[in-house]
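Visitor: give the three-dimensional model of this entry:
(one chain, ligands or ions: 1)
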Amino acid sequence: MRKKPGVFTWLLWIALAGCCVAVAALAPGTIDAYNAYTVERDATPTPTALTQSVLMVTLDPNNTPTPTPLILSLGTTGDAVTRLQTKLKELGFYTNAVDGQYGQGTAAAVKLFQSQMGLTADGLAGTATLSALYATTAQTYIPTPTPSPTPSLLSKGAQGGSVSALQERLKALGYYTGAVDGDYGAATQEAVRLFQSQNGLEVDGVSGSVTLAAVYASSAPPVTITPTPDPATLPLLVNRDNPLAESYKPANLVVLRNVLPASLVYVKGSDIQGDREAVAALQTMLLAAKDDGITSWQVSAGYRSYQYQQELFDQQVATFVSQGKSRADALSATRLTVADPGTSEHQTGLAFDITVADTIFKGTKQQLWLDKNCWDYGFIVRYQEDKEKITGYVAECWHIRYVGISHSTVIRDHDWCLEEYINAMKQ
Ligand SMILES: [Zn+2]
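Guide: This is a model prediction of the structure:
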């Protein structure tokens, strides 16, 4: 028994008939094909059931169609793209014009954002990307340096692209303020020293593999700005141009032998004194040296009064005169090594001559340790070889001056002498 043809079946017939009539008009030989189709159609079950089920699914009010997710991609235009570009620009990922056109530049910016946020970097702004972008946790762009074939060591005098890359990187981190010129000069060296000092590396101004790895690490921290010291609290500057009065005597002098244990340091004179705070810093420093296995220290000088300095000076002049020098020659020869009264740092109570008994100090492991570490305890090596023209004194690797850690570390990081530091701070 045949089922009565439904509406759909009638419609199908009409459509097929119309179609095949048109084909037949073009090619009479296809009539047979039409007849064959009709026979086949009658043999197949009517598709009524299928049609009804499709309609049911479509019309089911409980099954509302999911809205297509809004994906912005290449070619998209409009306000949504403008908003996207504005936000990407605000975060630093996008630098082109905000024009509402999702072009290659926008796609590249989206990719950058996705990759920094740990999303699939496909350049398509879909739901996940858009929610991450408009979230309060959206990160600002952190440039990753393009890895360039970098030599394993760059130092003063080096030139070229890898120096430019280094300068650019140090500049981005705030350590370098000079021009990116590919020239590893004094300013670059200073920036490297600053980076090394703030990041616990050996401070030598040379960019070896360890320093370069730290500079280019994604975790490399930006520079810590050292607060400019108040000029009123700058260290006391004593030199030929800035003498102390004959009456100047530090207020808090202590006798070193009374406070420093003999096991830590040998104090050469029972009357050697020093400023209380400076002596405390000296003790802290020598304890740290001991931890590093560096012992056998001797303190051979501390506070000297104006009168004592006068005696030292007169004695030296007398010695030269007795050796046959004229008084004028004896005076100038004396001034090379003995300070005029009032111009010795020892009168401040903040300076010490520190040595090793019965040994030439220069080159000893104690001297090398002192030269490297005293800065961390508030001391500076006051008279350096490369600063003789500024300080007016030949280098004295044994003469250390207490200035306090806030000053000593800055002086070290800039490779300054005290005169240069005070000049810089007063500007
Ligand atoms: Zn001295």
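
Visitor: what helix or strand is the residue of the chain found nearest the ion on?
Guide: Per C-beta to the ion, H399 is where the chain lies closest to the ion, at 3.6 Å. Quick note: C-beta positions are derived from backbone N, CA and C, even for glycine. H399 belongs to strand 396-402 when assigned by DSSP states H and E.

Visitor: what distance separates that strand from the middle of the whole chain?
Guide: Computed by C-alpha atoms, centre = their mean, to the nearest Å, the chain-centroid distance of strand 396-402 equals 32 Å.

Visitor: between the helix or strand that comes right after that strand and strand 396-402, how big is the angle?
Guide: Using DSSP H and E, the helix or strand that follows strand 396-402 in sequence is helix 405-414. Angle of helix 405-414 versus strand 396-402, following axes from the mean of the first three to the mean of the last three C-alpha atoms, to 10 degrees, is 140 degrees.

Visitor: give the rounded mean pLDDT of helix 405-414.
Guide: The predicted model gives helix 405-414 an average pLDDT of 92.

Visitor: dump that helix to PDB, restricted to CA.
Guide: Extracted in PDB, the C-alpha atoms of helix 405-414 (Å, rounded to 0.1, in the frame of the first residue of the first chain):
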ATOM      1  CA  ILE A 405      77.500  53.300  52.400                       C
ATOM      2  CA  SER A 406      75.000  55.600  50.700                       C
ATOM      3  CA  HIS A 407      77.900  57.600  49.300                       C
ATOM      4  CA  SER A 408      80.600  54.900  48.900                       C
ATOM      5  CA  THR A 409      78.600  52.700  46.700                       C
ATOM      6  CA  VAL A 410      77.700  55.500  44.400                       C
ATOM      7  CA  ILE A 411      81.300  56.700  44.300                       C
ATOM      8  CA  ARG A 412      82.300  53.100  43.300                       C
ATOM      9  CA  ASP A 413      79.600  52.700  40.700                       C
ATOM     10  CA  HIS A 414      80.700  55.800  38.900                       C
END
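
Visitor: what does the next helix-or-strand element following that helix contact?
Guide: Using DSSP H and E, the next helix or strand after helix 405-414 towards the C-terminus is helix 418-426. By C-beta atoms under 8 Å, 6 or more residues apart in numbering, the residues outside helix 418-426 that reach it are 228-229, 231, 234-235, 237, 239, 380, 382, 387, 390-391, 401, 403, 407, 410-411, 414, 416.

Visitor: roughly how far apart are R169 and D353?
Guide: 42 Å (C-beta to C-beta, to the nearest Å).

Visitor: compare these two (neighbour count), which wins?
Guide: Neighbour count, other C-beta atoms under 10 Å: between R169 and D353, R169 has more, with 20 against 17.

Visitor: isn't the more buried one up against A217?
Guide: No. Counting by C-beta atoms under 8 Å, R169 sits too far from A217 to count as a contact (10.3 Å).

Visitor: what about the helices in the stretch 151-300 of the chain?
Guide: 161-172, 186-198, 209-216, 256-259, 276-291 (DSSP state H, counting those that start in this stretch).

Visitor: now the ones you listed as JSON lines including mean pLDDT and distance to the ion?
Guide: Below are the helices of the stretch 151-300 of the chain laid out as JSON lines (pLDDT from 0 to 100; distance: least, C-beta to the ion, whole Å):
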{"stretch": "helix 161-172", "mean pLDDT": "93", "distance to the ion": "37"}
{"stretch": "helix 186-198", "mean pLDDT": "88", "distance to the ion": "26"}
{"stretch": "helix 209-216", "mean pLDDT": "92", "distance to the ion": "34"}
{"stretch": "helix 256-259", "mean pLDDT": "94", "distance to the ion": "14"}
{"stretch": "helix 276-291", "mean pLDDT": "94", "distance to the ion": "13"}
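
Visitor: mind checking which of those is nearest A339?
Guide: Comparing the helices of the stretch 151-300 of the chain against A339 with C-beta to C-beta, the closest turns out to be helix 276-291 (18.2 Å).

Visitor: contacting residues around that closest one?
Guide: Residues from elsewhere that reach helix 276-291 (C-beta under 8 Å, 6+ apart): 252-254, 256, 259-260, 264-265, 274, 295, 297, 299, 349-350, 352, 354, 366, 369-370, 373-374, 376-379, 402.

Visitor: the same query, at a cut-off of 6 Å, please.
Guide: With C-beta atoms under 6 Å, 6 or more residues apart in numbering as the test, helix 276-291 has contacts from 252, 254, 259-260, 264-265, 297, 350, 369, 377-378, 402.

Visitor: top of the residues you listed by neighbour count?
Guide: For those, counting by other C-beta under 10 Å, the largest number of neighbours falls to Y402: 29 neighbours.

Visitor: surely that residue and L350 touch.
Guide: Yes. Counting by C-beta atoms under 6 Å, Y402 sits close enough to L350 to count as a contact (4.3 Å).

Visitor: what does stretch 198-213 rub up against?
Guide: With C-beta under 6 Å, 6+ apart, stretch 198-213 has contacts from 152-155, 189, 192-193, 196-197, 214, 224.
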